[in-house]
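# Need the 3D shape of this:
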Amino acid sequence: MLECLRKLNLPEYVQDILNQSQGVVIPKSRNELLTLAMGGDENITFDIDYEVEGKGRVLEATATKCKNGIVVNYMEDYMRRRDPNSMLIADKNPTDKPRYEDVYHKDFDILRMDTFDWLKNQELIFFPFKSGGLEYGYDSVLVAPANAGFFAAGLADLQGFLNIDEITYEFKPRAVVFLAPPFRHTHFNGKQVVVHNRLQGIHEVYAYNLYPGPSAKKGIYGVLLDIGEEEGWVTAHASAVKVITPYDNEIVIMHEGASGGGKSEMLEDIHKEMDGRVVLGRNTVTGEKNYLNLSETCELIPVTDDMALCHPQMQQGSKKLVVKDAESSWFLRVDNIKRYGASPQYERIFIQPEEPLIFLNLQGVPEATCLPWEHTMDSTGKPCPNPRVILPRKLVPNSIDEPVEVDVRSFGVRTPACTKENPSYGIMGIMHILPPALAWLWRLVAPRGYNNPSIIDSQGMTSEGVGSYWPFATGKMVTQANLLLDQILQSTNTRYVLIPNQHIGAYEVSFMPEWISREYIARRGSAKFKPEHLVEARCPLLGFGLDSLKIDGQYIRRAFLRPETQQEVGIDGYDAGAAILTEFFRQELVKYNTDDLNPLGKQIIEMFMKGATVQDYLEIMPMRY
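As a prediction, this is how the structure comes out:
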């Protein structure tokens, strides 16, 4: 069957599914995929539904054709954001993740065969793509039901879609994605489940739901992390941007962190009021606002949005980490766009794109323009907190597609308000400079933080896990911890900072600390931080704070640099918050302190447990000021 498939060297069981199916569509262009997403060119609305045993026909989602793209909406609130507990492991390889067999007390091979049988009874979409980008990525294929065209189009956009006719090299699949949405109802009680099966030479991803977050995006991330474990490298959970100052100085900042930690926001222009002023923060107790005037801000050249490939072939011996975007498109959350003009550079692309886009969880009226601030309403009557746009990189002006050297690695944390009456871990100043050993500890603990919009579970302080990419990884935490430590040890000329968002003490600040810090770091360029300008934080986990911060001729108030100086916080409120943060680290770091951990890492964790000072961390791994 289908002569063109022979050159793909598909596993026999994949070829068998295609041969026995009710027909196979192999799209060879993005336009064909968008047509499939609507079930045909003539449709302006399309229902994505499936026959489910015992339930009849179940409507999962609708697709609407708008002037600027295809708008997809799920029927259930639950399906509009990623379930952080969706991953299961089917194989016997080392893992710290729950295994399918342990959770369901069945052999996955039975479900695997059932999945294959179901696919054989469908008309299918099939195409090859690259996991991790066209240049350094890995050969992969998708097998999906034909009516899930929007899912296929989304995956093709996010990864490196390949026209099967144009493949001229020896193609060998390293990953295969199987999509079978009805199994969510028949086998998993309506839950999002993605099963990873790591076989010899090929990584199978079974997507048993239609939300692309845990499969088409994070599922492929899991494939890259698994390959990285084998080959000794990581794909960082990070955005990266080249920042060019008004005086043409250039610096590259890579911003890491859990979902909601500000990765996409690092690529955004600083948000201003109508009169051009910047709201630095609003006091949640008094309502007072603090303003800043910035006459000129830096130019931003995007590099990555969420996944930064740190492939060993790219490292250049410069002692700086070298990264490249691991994706062909960005899965942008637009919950921050609540009105026209909130994010002009993106709104322009979304509303009048050069080619149609795919929108999720936004209101769509047939043949009208989908507007990024009109978010779908959940059943609660509130807007869905996770509206998304899949934005192809090629539509982002001036984006860099080449590997870049990282000058500064920042780590973002969503923080709640902190006052002496209600202390919390919101005790971080606008920016902290971290010794490398502390930078590593923050990447092990990776707090998910306050009021996370991307996932369904966001109460209190929890850990996103090692690297902040742990929800997507299939292997061992300690293995990833070792890889991250090796990466830091090999990148001694890259510096590390910690940046909060949402709150600094009693002040509501949104992502302003990130934008102000970006402007400040870029203006400093390669200039060193003089030790006399740094102040050891009262909480050693926060490394150094800044004694002063001057930007565009204006000093930032000390209240934003050292929250303990805020009247609403004080020493008592700060120390209570520091105790909360320290205890959280203590609970999270215990799991890494095993015999498999790099001896240096073991030493760093044991130092923390004994109450190490900032100077202790500096002595074990010197810091480049």
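
# Identify the spatial nearest neighbour of the most centrally placed residue in the chain, chain neighbours not counted.
Computing the C-alpha centroid of the chain and ranking residues by C-alpha atoms, centre = their mean puts residue 306 first, at 4.3 Å. Counting by C-beta to C-beta, 6 or more residues apart in numbering, residue 263 is the residue found nearest to residue 306 once chain neighbours are left out, at 5.7 Å. Every residue, glycine included, has its C-beta placed from N, CA and C.

# Can you tell me how far the one you found is from residue 307?
Per C-beta to C-beta, to the nearest Å, residue 263 is found 9 Å from residue 307.

# Overlap of the contact sets of these two?
Shared contacts of residue 263 and residue 307 (C-beta atoms under 8 Å, 6 or more residues apart in numbering): 237-238.

# pLDDT weak spots in the stretch 401-550 of the chain?
Counting by pLDDT under 70, the stretch 401-550 of the chain has low-confidence residues at 450-460.

# For residue 291, the count of nearby residues, please.
12 (other C-beta atoms under 10 Å).

# mind listing the helices in the stretch 1-150 of the chain by residue range?
12-20, 30-37, 100-104, 108-120, 149-158 (DSSP state H, counting those that start in this stretch).

# nope, the stretch 301-450 of the chain is what I was after
Going by DSSP H, counting those that start in this stretch, the stretch 301-450 of the chain shows helices at 344-351, 436-445.

# In TSV: the ones you listed, plus distance to residue 623 and mean neighbour count.
Listed next are the helices of the stretch 301-450 of the chain as TSV, based on distance: least, C-beta to C-beta, whole Å; neighbours: other C-beta atoms under 10 Å:
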stretch	distance to residue 623	mean neighbour count
helix 344-351	35	17
helix 436-445	6	25
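
# For those helices, give me JSON lines that also has distance to residue 47.
Output for these, formatted as JSON lines (distance: least, C-beta to C-beta, whole Å):
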{"stretch": "helix 344-351", "distance to residue 47": "25"}
{"stretch": "helix 436-445", "distance to residue 47": "43"}
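
# among these, which is nearest residue 376?
Nearest to residue 376 among these is helix 344-351; the distance by C-beta to C-beta comes to 15.3 Å.

# average pLDDT for the closest one?
The average pLDDT for helix 344-351 rounds to 92.

# likewise stretch 378-390?
Mean per-residue pLDDT for stretch 378-390: 96.

# What residues of that stretch count as buried?
For stretch 378-390, the neighbour count (16 or more other C-beta atoms under 10 Å) marks 378, 383-390 as buried.

# cool, and stretch 612-624?
Result for stretch 612-624 [16+ other C-beta under 10 Å]: buried residues 612, 614, 616-618, 621, 623.

# just stretch 118-136 next, same as before
Those would be 118-119, 122, 124-133, 136, for stretch 118-136 by 16+ other C-beta under 10 Å.

# Please apply the same query to stretch 107-120.
Those buried within stretch 107-120 under the rule 16+ other C-beta under 10 Å are 108, 111-112, 115-116, 118-119.

# Report the residue spans of the chain with pLDDT below the cut-off.
1-3, 450-460.

# report the longest helix in it, please.
helix 570-589 (DSSP state H).

# Quick check: next helix or strand after that helix?
As assigned by DSSP states H and E, the chain's next helix or strand after helix 570-589 is helix 599-609.

# Tell me what angle that next one forms with helix 570-589.
Helix 599-609 runs at 140 degrees relative to helix 570-589, counting by axes from the mean of the first three to the mean of the last three C-alpha atoms, to 10 degrees.

# If you count contacts, what does helix 599-609 end up packed against?
If contacts are counted by 3 or more C-beta pairs under 8 Å, 6 or more residues apart in numbering; DSSP states H and E, helix 599-609 sits against helix 436-445, helix 477-489, helix 570-589, helix 614-620.

# So what touches that helix?
437, 440-441, 481-482, 485, 489, 541, 585-586, 589, 592-593, 597, 616-617, 620-621.

# Same question for stretch 24-40.
Stretch 24-40 has contacts (C-beta under 8 Å, 6+ apart) with 1-2, 4, 18, 41, 44, 46, 63, 65, 70, 123-127, 146-147, 149-150, 152-153, 156-157, 161, 163-165, 355-356, 358.

# Turn the buried ones among those into a named PyMOL selection, would you?
A single PyMOL command selects the buried members of these (16+ other C-beta under 10 Å):
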select buried, resi 18+46+63+65+70+124+125+126+127+146+147+149+150+152+153+156+157+161+164+356+358
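
# quick one: the residue nearest to the centre of the chain and residue 330 touch, right?
Yes - using C-beta atoms under 8 Å, residue 306 is in contact with residue 330, at 6.6 Å.

# list residues touching both of the two?
Joint contacts of residue 306 and residue 330 (C-beta under 8 Å, 6+ apart) are residue 264.

# Flag every buried residue along the longest helix of the chain.
In helix 570-589, counting by 16+ other C-beta under 10 Å, buried: 570, 573-578, 580-582, 584-585, 588-589.

# One more: stretch 403-421?
Those would be 403-420, for stretch 403-421 by 16+ other C-beta under 10 Å.

# now it: how far from the chain's centre is it?
15 Å (C-alpha atoms, centre = their mean, to the nearest Å).

# Stretch 507-523 now?
Here the centre of stretch 507-523 is set off from its chain's centre by 20 Å, with C-alpha atoms, centre = their mean.

# hang on, residue 544 packs against residue 614?
Yes - assessed by C-beta under 8 Å, residue 544 is found in contact with residue 614 at 6.7 Å.

# Can you pull the residues that touch both of the two?
Counting by C-beta under 8 Å, 6+ apart, the residues touching both residue 544 and residue 614 are 536-537.

# can you pull the contacts of residue 383?
Contacts of residue 383 (C-beta under 8 Å, 6+ apart): 335, 375-377.

# For it, give the beta-bridge partners.
As for beta bridges, residue 383 partners with residue 377 under DSSP bridges.

# For residue 349, see how far away it is.
Taken as C-beta to C-beta, the span from residue 383 to residue 349 is 21 Å.

# before we move on, what about residue 200?
Taking C-beta to C-beta, one finds residue 200 at 43 Å from residue 349.

# do residue 251 as well
25 Å.

# Now do the same contact list for residue 128.
So residue 128 contacts 8, 139-141, 162, 164, 167, 171, 173 (C-beta under 8 Å, 6+ apart).

# ok, the residues you listed vs residue 56, which is closest?
Closest to residue 56, out of all of those and judged by C-beta to C-beta, is residue 141, at 31.6 Å.

# pretty sure that closest one contacts residue 127?
Yes - look at residue 141 against residue 127 with C-beta under 8 Å: they come within range, at 7.0 Å.
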